[in-house]
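Colleague: Generate coordinates for the sequence data below:
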Amino acid sequence: MNKKRLLIIDDDSRNIFALENTLRAKSFDCLSCLSAEEALKLLESDEHIDAVLIDMMMPEMDGYEAIPLIKAIPSRKLTFVVAVTAQAMTGDKEKCLEAGADAYVSKPVDVDKLLQVLKEI
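Modeller: Just a heads-up that it's a prediction; the model follows:
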């Protein structure tokens, strides 16, 4: 079985550190970016990425702006995108899905829920 490769986009390096360590322990390969702009450059390359985990609240460009841009990259139209956000109020999940996310996970991240979502890739 090949390891699935994930791109984690979050402006907080502590969140990246925690997610990477947790996911690597579950046999995922992880890359990370501290901004959506940096991630878009990476995603425009031919780098193999099975799924993107993106923080929805970031400075400069947030996930709501970035997801449509990710999906607009011809080679990334079908890339599985998970919105990872501290916004867990009524309607926030729907807002993330309307922006183009394929799935939604609230912070603090429930690892079991995240792993269940990642089974879809």
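Colleague: any idea what sits nearest residue 44, other than its immediate chain neighbours?
Modeller: residue 73 (5.8 Å; CB to CB, 6 or more residues apart in numbering). (C-beta placed from N, C-alpha, C; glycine too.)
Colleague: List the residues that contact residue 35.
Modeller: By CB atoms under 8 Å, 6 or more residues apart in numbering, residue 35 lies in contact with 9, 11, 58, 60, 61.
Colleague: If you rank the residues you listed by neighbours, which is first?
Modeller: residue 9 (29 neighbours; other CB atoms under 10 Å).
Colleague: Show me the contact partners of the lengthiest helix in the chain.
Modeller: Ordering each helix of the chain by length in residues (DSSP state H) puts helix 13-25 first. For helix 13-25, the external contacting residues (CB under 8 Å, 6+ apart) are 6, 8, 10, 30, 32, 34, 53, 55, 84, 107, 109, 111.
Colleague: Looking at the contacts of residue 35, which is nearest residue 80?
Modeller: residue 9 (13.5 Å; CB to CB).
Colleague: Would you quantify the distance from that closest one to residue 31?
Modeller: Distance of residue 9 to residue 31, computed by CB to CB, to the nearest Å: 10 Å.
Colleague: just to revisit the earlier point, from the contacts of residue 35, which land in strands?
Modeller: Among those, the residues falling in strands (DSSP state E) are residue 9.
Colleague: Between which two of the contacts of residue 35 is the distance greatest?
Modeller: 9 and 60 (12.0 Å).
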